[in-house]
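Enquirer: following is a predicted model, sequence given first.
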Amino acid sequence: MRPRRHSYGRGGRSAAAAVLLVLCLCVTGVFLLLLHGSSPPLEAEEGDKEAATGGGLVRQEAMVAQAEVEEAPLPPGNARVAFLFIARNRLPLDLVWDAFFRGDDDGRFSIYVHSRPGFVLTRATTRSRFFYNRQVNNSVQVDWGEASMIEAERILLSHALKDPFNERFIFVSDSCVPLYNFNYTYDYIMSASTSFVDSFADNKQGRYNPRMDPIIPVENWRKGSQWAVLIKKHAEVVVYDDVVLPEFKKHCRRRPLPEFWRDWDKPIPAEAWKAHNCIPDEHYVQTLLAQSGLEEELTRRSVTHSAWDLSSSKDRERRGWHPVTYKVSDATPALIKSIKDIDNIYYETEYRREWCTSNEKPAPCFLFARKFTRGAGLKLLNSSFIAA
């Protein structure tokens, strides 16, 4: 009997199909194995990354560094005081301020530092974690007695205004120390609805440049300390000003005195006295707020103490245009007590006496004092004379 070709023929196609099916399954299995081997779980992938960067130790250090520069979350309802430090490079009194900021457990402050361009606050440049990475990223080179100081102030304010919880803005010198603890300082500042701005009419010839008129009339010309405390409304006025600042850049410049200006036994050249002697940071905020009709919203005094009347001092470094710098030998309980005991300020050009109050009660005039060397500040801190 002849074999059935069709049966054979059907039987051959079935075998071929079976072989093809097995081959497909094998290829699929190999493909899945390869796919699985090339895509490890996320945990393993992170482990590989750690190995590639030096292991878990590097990753752990990076996490610690990140945690150190991140600010603690702000509890709801707490208004912040923004501390705006103007520094040359490092902050020599960072440990003094570290002790001060440790007095707050409620996230009621923020920190911004304007230093020279490119300077970064890290473990290598500051001993206080509160200052890690708190430098602004668009700082400018600041020269004393130039409009660049005003630019630094405006840069700090513009950064601080980005935080909606910041309600007060304090300009702080790198040689400044806090006289009281954080809670007292915070309550003193926040209890006032006004800005604290040292401001008085300046009628001394040679400072006001008549070329400023009529944009800045002489009746709006003011002088005072740059170390102000601003409410948010006034901080915004400073940041958004595009009228007064250009006039200051053109017409407010310090007198170019020779290098030997401290030598009182030598005559100053006559041509030096002919120039207008305008220090921009001692006039700008005061004049701008007067020009804006906001003087009624000011407490017209500073909360930062500086000693200027040193004409009888025998120390040549303590005479001139800059306030005295307190050294280690000066840092005594008597000095701090004498500053804390000041309860009024008299402004001769206006025959005005400011009696200092807080919460409508008599209070010390000053919360901060300058200028202190690092050694002087640490001596006061270790003796608990300040920030306590």
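Expert: Structure received.
Enquirer: all contacts plus neighbour counts: C-alpha atoms, from now on.
Expert: OK.
Enquirer: so where's the stretch 1-150 of the chain uncertain?
Expert: 1-77 (pLDDT under 70).
Enquirer: R168: neighbour count?
Expert: Counted with other Cα atoms under 10 Å, the neighbours of R168 add up to 26.
Enquirer: got it, and the one 10 residues further on?
Expert: Counted with other Cα under 10 Å, residues neighbouring P178 total 23.
Enquirer: how about N138?
Expert: Quick note: N138 (other Cα under 10 Å) scores 14 neighbours.
Enquirer: which parts of the stretch 151-300 of the chain are helices?
Expert: For the stretch 151-300 of the chain, applying DSSP state H, counting those that start in this stretch gives helices covering 182-190, 232-240, 244-251, 270-274, 284-291.
Enquirer: residues in contact with the third one?
Expert: If you take Cα atoms under 8 Å, 6 or more residues apart in numbering as the criterion, helix 244-251 is touched by A147, N209, R211, M212, I215, I216, P280, Y284, L288.
Enquirer: what's the distance between the fifth one and I150?
Expert: Spelled out, it's I215. Here I215 is placed at a distance of 19 Å from I150 (Cα to Cα, to the nearest Å).
Enquirer: so these two - more neighbours on which side?
Expert: The neighbour count for I215 versus I150, taken as other Cα under 10 Å, is higher for I150 (22 against 11).
Enquirer: quick one: pLDDT of the nearest residue to the more buried one once chain neighbours are set aside?
Expert: Leaving aside its sequence neighbours, I150 sits nearest to D281 (Cα to Cα, 6 or more residues apart in numbering; 5.8 Å). Looking at D281, its pLDDT reads 94.
Enquirer: quick check: D281 touching E151?
Expert: No. Contact criterion Cα atoms under 8 Å: D281 and E151 do not qualify, at 9.6 Å.
Enquirer: which one of these two has more residues nearby?
Expert: D281 (24 against 18).
Enquirer: which residues touch the more buried one?
Expert: D281 makes contact with G145, E146, A147, M149, I150, S225, Q226, according to Cα under 8 Å, 6+ apart.
Enquirer: with R211 instead?
Expert: H251 are the contacts of R211 under Cα under 8 Å, 6+ apart.
Enquirer: tell me the most buried of the helices of the stretch 151-300 of the chain?
Expert: helix 284-291 (a mean of 23; mean count of other Cα atoms under 10 Å).
Enquirer: quick one: list the elements packing against that one.
Expert: Under the contact criterion of 3 or more Cα pairs under 8 Å, 6 or more residues apart in numbering; DSSP states H and E, helix 284-291 touches strand 222-223, helix 232-240, helix 244-251.
Enquirer: now tabulate those in CSV and tack on mean pLDDT.
Expert: Shown next, in CSV, are the helices and strands packed on helix 284-291 (pLDDT from 0 to 100):
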stretch, mean pLDDT
strand 222-223, 95
helix 232-240, 98
helix 244-251, 94
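Enquirer: for those, which one sits closest to R80?
Expert: Of all the helices and strands packed on helix 284-291, it is helix 232-240 that lies closest to R80, at 11.0 Å by Cα to Cα.
Enquirer: what bridges to the residue nearest the centre of the chain?
Expert: Central residue of the chain (Cα atoms, centre = their mean): Y112, 2.2 Å from the mean position. Per DSSP bridges, the residues bridged to Y112 are L84.
Enquirer: wait, it touches I155, no?
Expert: No. With contact defined as Cα under 8 Å, Y112 does not reach I155; the gap is 9.9 Å.
Enquirer: mutual contacts of those two, please.
Expert: Residues touching both Y112 and I155 (Cα under 8 Å, 6+ apart): V136.
Enquirer: tell me which stretches of the stretch 101-250 of the chain form strands.
Expert: Using DSSP state E, counting those that start in this stretch, the strands of the stretch 101-250 of the chain run over 109-114, 166-173, 177-178, 195-196, 200-201, 222-223, 229-231.
Enquirer: who's in contact with the nearest residue to I86 once chain neighbours are set aside?
Expert: Spatial nearest neighbour of I86, excluding adjacent residues (Cα to Cα, 6+ apart): H114 at 5.0 Å. Applying Cα under 8 Å, 6+ apart to H114 gives the contacts L84, F85, I86, A87, Q135, V136, S139, A152, L156.
Enquirer: T325 reaches R370, doesn't it?
Expert: Yes. Between T325 and R370 a contact is recorded at 7.4 Å, counting by Cα under 8 Å.
Enquirer: contacting residues around S225?
Expert: Counting by Cα under 8 Å, 6+ apart, the residues that S225 touches are V197, D198, S199, D281, E282, S302.
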